[in-house]
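# sharing a model prediction with you, sequence too.
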Amino acid sequence: ETGVTQTPRHLVMGMTNKKSLKCEQHLGHNAMYWYKQSAKKPLELMFVYNFKEQTENNSVPSRFSPECPNSSHLFLHLHTLQPEDSALYLCASSQGNGGDTDTQYFGPGTRLTVL
Amino acid sequence: GDSVTQMEGPVTLSEEAFLTINCTYTATGYPSLFWYVQYPGEGLQLLLKATKADDKGSNKGFEATYRKETTSFHLEKGSVQVSDSAVYFCALTGGYQKVTFGIGTKLQVIP
């Protein structure tokens, strides 16, 4: 059971394509996150949104463009990606109270392959 | 900055064996500590957490105790099952919505 859903679950795209990843949370949370998970590396935080405002951009290349139209939805727009961008992209949400007990809940991820 | 150290594995155990996955951390202040589990083809699920020193988090037979003196949060289970095969991530948060994850430890349980 998860209160965070992601679509699509799998995506294959060429380097010239434009695609979008979608995340939706049903937990009433105020903060949402994008992470990149690559083999043999710790999870990399990409973006943080709090009350629809971007509060963190962890030096992510501009070919990744996030959008947060409301507290329940988060998108990651992709264009002119590189093969090294192939990874599992995870969305998470949390209450967003900024405290050290703020717990993040994850979606199942989108497995992205860039050809 | 904050960091979390855990063995990468894989850790291979027979069913009903005792499990320990070590996790140590460095952080400023008083972080909360977490264990997440990732089953094949899925995202991360919160397994357990502890928010202050000497707290013990527990869930599904797994336990971990927040040890401030040794800056550790080792994961233990008395008797593992094949269904416990997954990747286990130790993590901490010191607030401000920043979570630091370890690299993940792959556990394989064989019948």
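Perfect, thanks for sending it. For clarity, every value in this text was computed on a predicted model and none was experimentally measured. Residues are numbered from 1 along each chain as shown, chains lettered A, B, ... in the order given.
# from here on, contacts and neighbour counts on C-alpha atoms
Will do.
# what about B:Gly1, neighbour count?
Around B:Gly1 there are 6 other residues, counting by other CA atoms under 10 Å in any protein chain shown.
# hey, what's residue 44 bridged with?
By default, I'm working from chain A. A:Lys36 (DSSP bridges).
# my bad, chain B
For B:Leu44, the beta-bridge partners under DSSP bridges are B:Gln38.
# burial count for it?
Residues near B:Leu44, counting by other CA under 10 Å, number 23.
# identify the residues contacting it.
A:Tyr105, A:Phe106, A:Gly107, A:Pro108, B:Tyr36, B:Val37, B:Gln38 (CA atoms under 8 Å, 6 or more residues apart in numbering or on different chains).
# which residue sits closest to residue 31, ignoring its sequence neighbours?
Picking chain A for this. Spatial nearest neighbour of A:Ala31, chain neighbours left out: A:Asn50 (4.3 Å); criterion: CA to CA, 6 or more residues apart in numbering or on different chains.
# other chain: chain B
B:Gly94 (4.3 Å).
# pretty sure that neighbour sits against B:Tyr25.
No: B:Gly94 is not in contact with B:Tyr25 according to CA atoms under 8 Å; the separation is 11.7 Å.
# which stretches of chain A form strands?
Secondary structure of chain A by DSSP state E: the strands cover A:4-7, A:10-13, A:18-25, A:31-37, A:44-50, A:53-57, A:64-70, A:73-79, A:87-94, A:105-106, A:110-114.
# dump the ones you listed to TSV, plus mean pLDDT and mean neighbour count.
TSV is the format used below for the strands of chain A (pLDDT from 0 to 100; neighbours: other CA atoms under 10 Å in any protein chain shown):
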stretch	mean pLDDT	mean neighbour count
strand A:4-7	96	20
strand A:10-13	94	15
strand A:18-25	96	20
strand A:31-37	94	23
strand A:44-50	90	22
strand A:53-57	77	15
strand A:64-70	94	16
strand A:73-79	96	19
strand A:87-94	95	26
strand A:105-106	92	25
strand A:110-114	95	20
